[in-house]
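Peer 1: here's a sequence, model it:
(one chain, ligands or ions: 1)
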Amino acid sequence: MCEVSSAGAVDLSVKIGAVRPRNPILAASGTFGYGTEFSHLVNLNRLGGFVTKGLSKEPIEGAPAPRLCETAAGMLNAVGLQNMGVRAFVAEKLPVLRKYDTAVVANVFGYALEDYVEVLRVLEDAEGPAAYELNISCPNVKKGGLQFGSDPGMAAEVVAAARKIAAKRPLWVKLSPLVTDIGVIGRAVEEAGADALTVANTYPAMAVDHRTGKSRLGNPTGGLSGPAIKPITLRLVWEAAKAVKIPVIGLGGIETVEDVLEYLSVGAVAVQVGTASFTDPRASEGLVRGLLRATFRHKVFTVSELSHKFMVENG
Ligand SMILES: Cc1cc2nc3c(=O)[nH]c(=O)nc-3n(C[C@H](O)[C@H](O)[C@H](O)COP(=O)(O)O)c2cc1C
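Peer 2: Numbers count the residues shown, from 1 in each chain. Below is the predicted model of the structure:
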């Protein structure tokens, strides 16, 4: 879709494989609820789209409070993947979301291969989602709790199983940042049938109160997000984009339009906005306006022209 201004027709739309969001700004999983919670504050139709809270086979109550704590330039969370379960999502949320003209991406997770397959089976029968995003930063309980996403073999196995079920829609795979070589995992996942990579999830971390000797979260550890992680994830996106042919979506610490341009310049085709929505629920919509202004400033008419202007040498 085109945004028209005095500068002419600017087209912010991007291609993430078969998905064509109207702009490259999507709200990230776990930070934007099921979208409906934000609809009184954000014009969902202005966003490229949003990714739902992670969906599991059965509802999950989640971790004990406190679930969030602020850290220098970031935030720790231990939500415990609380969600209403995929069936309730399909029955209660999708009918409302279908009224919006925005890409709704269903984030899927599990603790065994069969969990992912079951969630996708339910989603395949439903109308509404534009794509699936597999969160593979989860412990595989059948393999001693090792994260699916930290081992190329396990990552490929879960993606191949998901690919068999996910016939209707593109399959995005959200990688864990906790890997030795993101290129190896990215290629394994690409070969197993992923249509795009989302790079990356939060970083395992902890915060303690030395006076009590207790964690500042209800759980001993949590996931670090926000500006603190941006330089680290930026490198992962750069490495991943060099390693694979499928599109890479970048996220980690994005707050400003300059952050968006940095991710685009290292090879991301689109970005997601997570923690920034906690400080300003309208952050993602603001970034769309900022990106539009950036095209005027740089006298370009498309996002790819803008990206090419800043493309980092892939040396
Ligand atoms: C409170 C919270 C909950 C999250 N829940 C999920 C989730 O359910 N599934 C998922 O794939 N990522 C989840 N994430 C990770 C974010 O989508 C994102 O990858 C991460 O926060 C880095 O981006 P940011 O620095 O912009 O927040 C969550 C993050 C936060 C802060």
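Peer 1: return the distance of Asn135 relative to the ligand.
Peer 2: The gap separating Asn135 from the ligand is 3 Å, by CB to the nearest ligand atom, to the nearest Å. C-betas here are computed from N, CA, C, even on glycine.
Peer 1: same question but for Thr180, I mixed them up
Peer 2: Distance of Thr180 to the ligand, computed by CB to the nearest ligand atom: 20 Å.
Peer 1: repeat that for Ala78.
Peer 2: 9 Å.
Peer 1: what's the answer for Gly267, then?
Peer 2: From Gly267 to the ligand the distance is 17 Å (CB to the nearest ligand atom).
Peer 1: need the pLDDT of the residue nearest to that residue when sequence neighbours are not counted.
Peer 2: With sequence-adjacent residues excluded and distances taken as CB to CB, 6 or more residues apart in numbering, Gly267 is closest to Ala241, at 2.8 Å. Ala241 carries a pLDDT value of 97.
Peer 1: now do the contacts for Ala241.
Peer 2: Shown in contact with Ala241 (CB atoms under 8 Å, 6 or more residues apart in numbering): 248, 266-268.
Peer 1: please spell out the PyMOL selection for the buried subset of those residues.
Peer 2: Here is the PyMOL command that picks out the buried ones among those, judged by 16 or more other CB atoms under 10 Å:
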select buried, resi 248+266+267+268
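Peer 1: hmm, back to that, now do the SS call for the residue nearest to Gly267.
Peer 2: Under the three-state scheme (DSSP: H, G, I helix; E, B strand; the rest coil), Ala241 adopts helix.
Peer 1: how much space separates it from Cys138?
Peer 2: Distance, Ala241 to Cys138, by CB to CB, to the nearest Å: 24 Å.
Peer 1: spell out which parts of the chain neighbour the ligand.
Peer 2: Contact residues (CB under 6 Å from any ligand atom) of the chain with the ligand: 28-31, 53-54, 77, 79, 81, 107, 135, 174, 201-202, 225-226, 229, 251-254, 273-275.
Peer 1: that older thread, and the contacts of Ala241, which two are furthest apart?
Peer 2: Val248 and Val266 (9.0 Å; CB to CB).
Peer 1: so what sits against both of those two?
Peer 2: Taking CB under 8 Å, 6+ apart as the criterion, Val248 and Val266 both touch 237, 241.
Peer 1: against Pro152, how distant is the residue in the chain that the ligand sits nearest to?
Peer 2: Across the chain, the shortest distance to the ligand (CB to the nearest ligand atom) belongs to Gly30, at 1.8 Å. Distance, Gly30 to Pro152, by CB to CB: 25 Å.
Peer 1: the two: who's more crowded?
Peer 2: Gly30 (23 against 18; other CB atoms under 10 Å).
Peer 1: contacting residues around the closest residue to the more buried one other than its chain neighbours?
Peer 2: Among residues not flanking Gly30 along the chain, Lys53 sits closest, at 5.5 Å (CB to CB, 6+ apart). By CB under 8 Å, 6+ apart, the residues touching Lys53 are 29-30, 32-34, 82-83, 107.
Peer 1: mind checking which of those land in helices?
Peer 2: Per DSSP state H, helices hold no members of the contacts of Lys53.
Peer 1: buried members of these into PyMOL, please.
Peer 2: In PyMOL, this line selects whichever of the contacts of Lys53 come out buried by 16+ other CB under 10 Å:
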select buried, resi 29+30+32+33+34+83+107
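Peer 1: in the chain, which residue sits furthest out from the middle?
Peer 2: Most distant residue from the mean C-alpha position of the chain: Arg211, 36.0 Å away (CA atoms, centre = their mean).
Peer 1: quick revisit: hmm, the residue of the chain closest to the ligand is touching Gly274, no?
Peer 2: Yes - between Gly30 and Gly274 a contact is recorded at 7.3 Å, counting by CB atoms under 8 Å.
Peer 1: just give the nearest non-adjacent residue to Pro21, would you?
Peer 2: Pro21 sits nearest to Gly48 (CB to CB, 6+ apart), 3.3 Å away.
Peer 1: OK, contacts around that neighbour?
Peer 2: Listed by CB under 8 Å, 6+ apart, the contact partners of Gly48 are 14, 21-26, 102-103, 270, 288.
Peer 1: can I get stretch 198-206 as CSV, trimmed to CA atoms?
Peer 2: The C-alpha trace of stretch 198-206 is given here as CSV (Å, rounded to 0.1, in the frame of the first residue of the first chain):
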residue,chain,number,x,y,z
THR,A,198,13.7,-13.9,12.9
VAL,A,199,17.0,-12.9,14.7
ALA,A,200,16.8,-13.0,17.7
ASN,A,201,15.2,-13.8,21.0
THR,A,202,16.3,-12.6,24.5
TYR,A,203,19.6,-13.4,26.2
PRO,A,204,19.5,-15.6,29.3
ALA,A,205,20.6,-13.4,32.2
MET,A,206,20.0,-12.7,35.9
